[in-house]
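with the sequence up front, the predicted model follows.
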Amino acid sequence: MGCFFSKVVKGEGDEPKEPSVEVASDAQIIFVLGGPGSGKGTQCDLIIEKYGFSHYSAGDLLRAEVASGSEMGKDLEATMKEGKLVASSVTIALLKKAIANACEAGKRKFLVDGFPRALDQAEEFEGKVLPCKLVLFFSCPMKVLQKRLLKRAKTSGRADDNKETIQKRFDTFLNTSMPVIDHYEKLGKVAKVSAEPAPEKVFKEVEKVMKANGFAPV
Ligand code: ADP
Ligand code: C5P
Ligand code: MG
(Lines give C-alpha, C1' and ligand atoms only; values in the text may rest on other atoms or scores of the structure.)
(Ligands and ions follow the chains in the order given, each with its own letter.)
Protein backbone atom coordinates (compact mmCIF):
# COMPACT_ATOMS: atom_id res chain seq x y z
CA MET A 1 0.00 0.00 0.00
CA GLY A 2 1.50 3.30 -1.04
CA CYS A 3 1.22 6.58 0.75
CA PHE A 4 2.31 9.95 -0.43
CA PHE A 5 3.96 12.72 1.48
CA SER A 6 1.71 15.62 2.28
CA LYS A 7 3.31 18.70 3.73
CA VAL A 8 0.71 21.23 4.81
CA VAL A 9 1.73 24.87 4.91
CA LYS A 10 -0.98 27.24 6.13
CA GLY A 11 0.66 30.46 5.11
CA GLU A 12 3.74 32.56 5.19
CA GLY A 13 5.36 34.87 7.72
CA ASP A 14 4.41 34.23 11.33
CA GLU A 15 1.75 31.64 10.63
CA PRO A 16 2.71 28.21 11.93
CA LYS A 17 3.81 25.49 9.53
CA GLU A 18 2.02 22.23 10.10
CA PRO A 19 3.93 19.01 10.70
CA SER A 20 4.18 16.61 7.78
CA VAL A 21 1.33 14.18 7.54
CA GLU A 22 0.31 11.51 5.08
CA VAL A 23 -2.85 10.70 3.16
CA ALA A 24 -3.31 6.98 2.56
CA SER A 25 -3.61 6.10 -1.11
CA ASP A 26 -6.39 3.61 -0.33
CA ALA A 27 -8.61 6.28 1.27
CA GLN A 28 -12.07 6.58 -0.31
CA ILE A 29 -13.45 10.05 -0.82
CA ILE A 30 -17.02 11.08 -1.55
CA PHE A 31 -17.54 14.71 -2.54
CA VAL A 32 -20.89 15.94 -1.17
CA LEU A 33 -22.19 18.81 -3.29
CA GLY A 34 -25.35 20.86 -3.70
CA GLY A 35 -26.49 24.45 -3.42
CA PRO A 36 -26.20 26.39 -0.15
CA GLY A 37 -28.85 24.97 2.22
CA SER A 38 -29.48 21.80 0.18
CA GLY A 39 -28.90 19.69 3.28
CA LYS A 40 -25.31 18.53 2.75
CA GLY A 41 -24.46 18.77 6.45
CA THR A 42 -27.77 17.20 7.48
CA GLN A 43 -27.29 14.21 5.19
CA CYS A 44 -23.62 13.84 6.11
CA ASP A 45 -24.64 13.46 9.77
CA LEU A 46 -27.00 10.63 8.77
CA ILE A 47 -24.34 8.95 6.60
CA ILE A 48 -21.76 9.10 9.41
CA GLU A 49 -24.18 7.43 11.81
CA LYS A 50 -25.01 4.55 9.47
CA TYR A 51 -21.88 4.10 7.36
CA GLY A 52 -19.07 5.20 9.65
CA PHE A 53 -17.50 7.88 7.47
CA SER A 54 -15.36 10.75 8.68
CA HIS A 55 -16.84 14.09 7.65
CA TYR A 56 -15.04 17.27 6.67
CA SER A 57 -16.99 20.34 5.64
CA ALA A 58 -14.84 22.86 3.77
CA GLY A 59 -17.06 25.68 5.08
CA ASP A 60 -16.75 24.47 8.68
CA LEU A 61 -12.96 24.25 8.39
CA LEU A 62 -12.85 27.79 6.99
CA ARG A 63 -15.14 29.10 9.75
CA ALA A 64 -12.87 27.44 12.34
CA GLU A 65 -9.90 29.25 10.81
CA VAL A 66 -11.85 32.55 11.06
CA ALA A 67 -12.77 31.78 14.68
CA SER A 68 -9.10 31.14 15.50
CA GLY A 69 -8.49 34.86 15.02
CA SER A 70 -5.52 34.31 12.71
CA GLU A 71 -4.49 36.95 10.15
CA MET A 72 -5.49 34.56 7.38
CA GLY A 73 -8.88 34.14 9.06
CA LYS A 74 -9.59 37.87 8.69
CA ASP A 75 -9.16 37.67 4.92
CA LEU A 76 -11.25 34.51 4.75
CA GLU A 77 -14.07 36.15 6.69
CA ALA A 78 -14.26 39.06 4.26
CA THR A 79 -14.37 36.74 1.24
CA MET A 80 -17.04 34.51 2.80
CA LYS A 81 -19.22 37.51 3.66
CA GLU A 82 -19.15 38.39 -0.03
CA GLY A 83 -20.36 34.90 -0.92
CA LYS A 84 -17.16 34.34 -2.92
CA LEU A 85 -14.77 31.41 -2.86
CA VAL A 86 -11.53 31.63 -0.94
CA ALA A 87 -8.26 30.64 -2.63
CA SER A 88 -8.24 26.91 -3.40
CA SER A 89 -4.81 26.48 -1.86
CA VAL A 90 -6.16 27.48 1.58
CA THR A 91 -9.18 25.17 1.49
CA ILE A 92 -7.18 22.28 0.11
CA ALA A 93 -4.45 22.66 2.76
CA LEU A 94 -7.10 22.58 5.52
CA LEU A 95 -8.87 19.55 4.02
CA LYS A 96 -5.66 17.70 3.30
CA LYS A 97 -4.38 18.19 6.83
CA ALA A 98 -7.68 16.98 8.33
CA ILE A 99 -7.86 13.92 6.06
CA ALA A 100 -4.21 13.05 6.55
CA ASN A 101 -4.56 13.23 10.35
CA ALA A 102 -7.62 10.98 10.18
CA CYS A 103 -5.68 8.52 7.98
CA GLU A 104 -2.98 8.45 10.65
CA ALA A 105 -5.73 7.47 13.10
CA GLY A 106 -6.76 4.60 10.81
CA LYS A 107 -9.73 6.19 9.02
CA ARG A 108 -10.26 5.46 5.33
CA LYS A 109 -13.76 6.66 4.34
CA PHE A 110 -14.29 10.40 3.95
CA LEU A 111 -17.17 12.71 3.17
CA VAL A 112 -15.80 15.97 1.81
CA ASP A 113 -18.72 18.37 2.13
CA GLY A 114 -19.06 21.57 0.09
CA PHE A 115 -15.94 20.91 -1.92
CA PRO A 116 -14.89 21.25 -4.74
CA ARG A 117 -16.88 24.40 -5.53
CA ALA A 118 -14.88 25.31 -8.65
CA LEU A 119 -13.15 23.38 -11.41
CA ASP A 120 -9.70 24.52 -10.30
CA GLN A 121 -10.43 23.25 -6.76
CA ALA A 122 -11.35 19.84 -8.19
CA GLU A 123 -8.23 19.65 -10.33
CA GLU A 124 -5.88 20.77 -7.53
CA PHE A 125 -7.39 18.44 -4.93
CA GLU A 126 -7.26 15.41 -7.19
CA GLY A 127 -3.64 16.19 -8.03
CA LYS A 128 -2.48 16.91 -4.47
CA VAL A 129 -4.69 14.58 -2.44
CA LEU A 130 -6.70 11.84 -4.18
CA PRO A 131 -9.31 11.41 -6.93
CA CYS A 132 -12.83 11.08 -5.54
CA LYS A 133 -14.71 7.81 -5.79
CA LEU A 134 -18.14 9.41 -6.05
CA VAL A 135 -19.91 12.77 -6.16
CA LEU A 136 -23.16 12.89 -4.20
CA PHE A 137 -25.13 15.82 -5.58
CA PHE A 138 -28.16 17.21 -3.74
CA SER A 139 -30.40 18.98 -6.21
CA CYS A 140 -32.95 21.55 -5.01
CA PRO A 141 -34.77 24.61 -6.45
CA MET A 142 -33.29 27.95 -5.40
CA LYS A 143 -36.60 29.13 -3.90
CA VAL A 144 -36.58 26.19 -1.47
CA LEU A 145 -32.92 26.79 -0.63
CA GLN A 146 -33.54 30.45 0.10
CA LYS A 147 -36.41 29.62 2.45
CA ARG A 148 -34.25 27.08 4.32
CA LEU A 149 -31.30 29.44 4.63
CA LEU A 150 -33.42 32.32 5.94
CA LYS A 151 -34.83 29.94 8.54
CA ARG A 152 -31.34 28.66 9.43
CA ALA A 153 -30.21 32.31 9.75
CA LYS A 154 -32.34 32.68 12.89
CA THR A 155 -30.08 30.30 14.81
CA SER A 156 -26.89 29.68 12.81
CA GLY A 157 -25.00 32.83 13.77
CA ARG A 158 -23.38 32.65 10.34
CA ALA A 159 -22.34 35.99 8.86
CA ASP A 160 -23.27 34.74 5.38
CA ASP A 161 -26.82 33.58 6.23
CA ASN A 162 -28.49 36.86 5.24
CA LYS A 163 -30.55 37.74 2.19
CA GLU A 164 -27.87 39.74 0.40
CA THR A 165 -25.07 37.21 0.87
CA ILE A 166 -27.39 34.29 0.12
CA GLN A 167 -28.06 35.77 -3.33
CA LYS A 168 -24.31 36.13 -3.93
CA ARG A 169 -23.74 32.53 -2.82
CA PHE A 170 -26.41 31.37 -5.29
CA ASP A 171 -24.67 33.30 -8.07
CA THR A 172 -21.35 31.67 -7.18
CA PHE A 173 -23.02 28.27 -7.07
CA LEU A 174 -24.66 28.63 -10.48
CA ASN A 175 -21.72 30.24 -12.27
CA THR A 176 -18.74 28.52 -10.66
CA SER A 177 -19.86 25.37 -8.84
CA MET A 178 -22.34 23.84 -11.31
CA PRO A 179 -19.57 23.31 -13.89
CA VAL A 180 -17.95 20.97 -11.34
CA ILE A 181 -21.07 18.78 -11.40
CA ASP A 182 -21.07 18.84 -15.21
CA HIS A 183 -17.40 17.82 -15.19
CA TYR A 184 -17.96 14.82 -12.92
CA GLU A 185 -21.14 13.86 -14.77
CA LYS A 186 -19.04 13.43 -17.90
CA LEU A 187 -16.80 11.09 -15.88
CA GLY A 188 -19.86 9.09 -14.74
CA LYS A 189 -19.16 9.85 -11.08
CA VAL A 190 -22.29 11.81 -10.09
CA ALA A 191 -25.19 10.35 -8.10
CA LYS A 192 -27.96 12.97 -8.12
CA VAL A 193 -30.50 12.95 -5.30
CA SER A 194 -33.45 15.32 -4.91
CA ALA A 195 -32.98 17.31 -1.71
CA GLU A 196 -36.55 18.60 -1.68
CA PRO A 197 -38.32 15.92 0.40
CA ALA A 198 -37.97 15.66 4.17
CA PRO A 199 -34.47 14.67 5.42
CA GLU A 200 -35.38 11.05 6.18
CA LYS A 201 -36.83 10.62 2.67
CA VAL A 202 -33.74 12.14 1.10
CA PHE A 203 -31.66 9.73 3.17
CA LYS A 204 -33.58 6.72 1.80
CA GLU A 205 -32.33 7.73 -1.65
CA VAL A 206 -28.83 8.26 -0.29
CA GLU A 207 -28.88 4.73 1.09
CA LYS A 208 -29.65 3.40 -2.41
CA VAL A 209 -26.68 5.32 -3.78
CA MET A 210 -24.41 3.98 -1.04
CA LYS A 211 -25.48 0.42 -1.76
CA ALA A 212 -25.01 0.85 -5.50
CA ASN A 213 -21.47 2.06 -4.83
CA GLY A 214 -20.48 -0.80 -2.55
CA PHE A 215 -20.78 0.96 0.82
CA ALA A 216 -22.46 -1.16 3.48
CA PRO A 217 -23.80 -0.01 6.86
CA VAL A 218 -21.38 -0.56 9.75
P1 ADP B 1 -25.96 22.76 3.72
O2 ADP B 1 -24.93 22.08 4.57
O3 ADP B 1 -26.11 22.13 2.37
O4 ADP B 1 -25.80 24.24 3.64
P5 ADP B 1 -27.78 22.14 5.94
O6 ADP B 1 -27.65 20.68 6.19
O7 ADP B 1 -27.11 23.07 6.89
O8 ADP B 1 -27.38 22.49 4.42
O9 ADP B 1 -29.33 22.47 5.88
C10 ADP B 1 -29.78 23.81 5.68
C11 ADP B 1 -31.02 24.06 6.53
O12 ADP B 1 -32.11 23.32 5.99
C13 ADP B 1 -30.87 23.60 7.97
O14 ADP B 1 -31.57 24.49 8.80
C15 ADP B 1 -31.50 22.21 7.98
O16 ADP B 1 -32.05 21.88 9.23
C17 ADP B 1 -32.57 22.34 6.92
N18 ADP B 1 -32.76 21.10 6.13
C19 ADP B 1 -31.83 20.21 5.76
N20 ADP B 1 -32.37 19.25 5.00
C21 ADP B 1 -33.68 19.54 4.87
C22 ADP B 1 -34.78 18.92 4.18
N23 ADP B 1 -34.61 17.81 3.48
N24 ADP B 1 -36.00 19.53 4.26
C25 ADP B 1 -36.16 20.68 4.95
N26 ADP B 1 -35.17 21.32 5.64
C27 ADP B 1 -33.95 20.76 5.59
O1 C5P C 1 -20.35 25.08 2.47
P2 C5P C 1 -20.64 26.34 3.23
O3 C5P C 1 -21.97 26.93 2.85
O4 C5P C 1 -20.49 26.16 4.70
O5 C5P C 1 -19.53 27.37 2.77
C6 C5P C 1 -19.53 28.70 3.29
C7 C5P C 1 -18.56 29.57 2.52
O8 C5P C 1 -17.23 29.07 2.63
C9 C5P C 1 -18.80 29.67 1.02
O10 C5P C 1 -19.85 30.55 0.69
C11 C5P C 1 -17.44 30.19 0.56
O12 C5P C 1 -17.26 31.56 0.87
C13 C5P C 1 -16.49 29.37 1.45
N14 C5P C 1 -16.10 28.13 0.77
C15 C5P C 1 -15.11 28.18 -0.21
N16 C5P C 1 -14.73 27.04 -0.87
C17 C5P C 1 -15.30 25.87 -0.58
C18 C5P C 1 -16.31 25.79 0.43
C19 C5P C 1 -16.67 26.96 1.08
O20 C5P C 1 -14.60 29.27 -0.50
N21 C5P C 1 -14.93 24.77 -1.25
MG1 MG D 1 -23.11 22.86 5.44
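Nice, I can see it. Residues are numbered from 1 along each chain as shown. Ligands and ions are numbered 1, 2, ... in the order given.

give me the low-pLDDT residue ranges for this protein?
Along the chain, the model assigns pLDDT under 70 to residues 1-19.

can you do 50?
1-16, 19 (pLDDT under 50).

point me to the residue of it nearest ligand 3.
Residue nearest to ligand 3 within the chain: Gly41 (3.6 Å; CB to the ion). Glycine gets a C-beta too; all of them are placed from N, C-alpha and C.

would you mind listing what in this protein touches ligand 1?
34, 36-42, 148, 151-152, 195, 198-199, 202 (CB under 6 Å from any ligand atom).

can you show me the helices along the protein?
40-51, 58-67, 71-81, 88-104, 119-128, 142-156, 163-172, 178-186, 199-212 (DSSP state H).

excluding chain neighbours, what is closest to whichever residue of the chain sits closest to ligand 2?
As assessed by CB to the nearest ligand atom, ligand 2 sits closest to Gly59 within the chain, at 2.0 Å. In this structure, Gly59 finds its nearest non-sequential neighbour in Gly114, 4.9 Å apart by CB to CB, 6 or more residues apart in numbering.

residues in contact with that neighbour?
32-33, 40, 57-59 (CB atoms under 8 Å, 6 or more residues apart in numbering).

may I see those organised as a markdown table, with distance to His183 added?
As requested, the contacts of Gly114 are exported to a markdown table (distance: CB to CB, whole Å):
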| residue | distance to His183 |
| --- | --- |
| Val32 | 16 |
| Leu33 | 11 |
| Lys40 | 18 |
| Ser57 | 21 |
| Ala58 | 17 |
| Gly59 | 21 |
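
and these, which is closest to Cys140?
Cys140 lies nearest to Lys40 out of the contacts of Gly114, by CB to CB, at 10.4 Å.

doesn't Leu33 make contact with the closest one?
Yes. Here Lys40 lies in contact with Leu33, judged by CB atoms under 8 Å, at a distance of 7.3 Å.

any common contacting residues for these two?
What both Lys40 and Leu33 touch, as defined by CB under 8 Å, 6+ apart, is the set 114, 138.

between the two, tell me which one has more neighbours.
A direct count of neighbours by other CB atoms under 10 Å for Lys40 and Leu33 places Leu33 higher, at 26 against 23.

and the closest residue to Ala67 other than its chain neighbours, how many neighbours?
Computed as CB to CB, 6+ apart, the closest residue to Ala67 that is not its neighbour in sequence is Gly73, at 7.2 Å. Using other CB under 10 Å, the number of residues around Gly73 comes to 16.

from the helices of the chain, which stretch is densest packed?
Each of those was scored by mean neighbour count; the highest is helix 88-104, a mean of 21, by mean count of other CB atoms under 10 Å.
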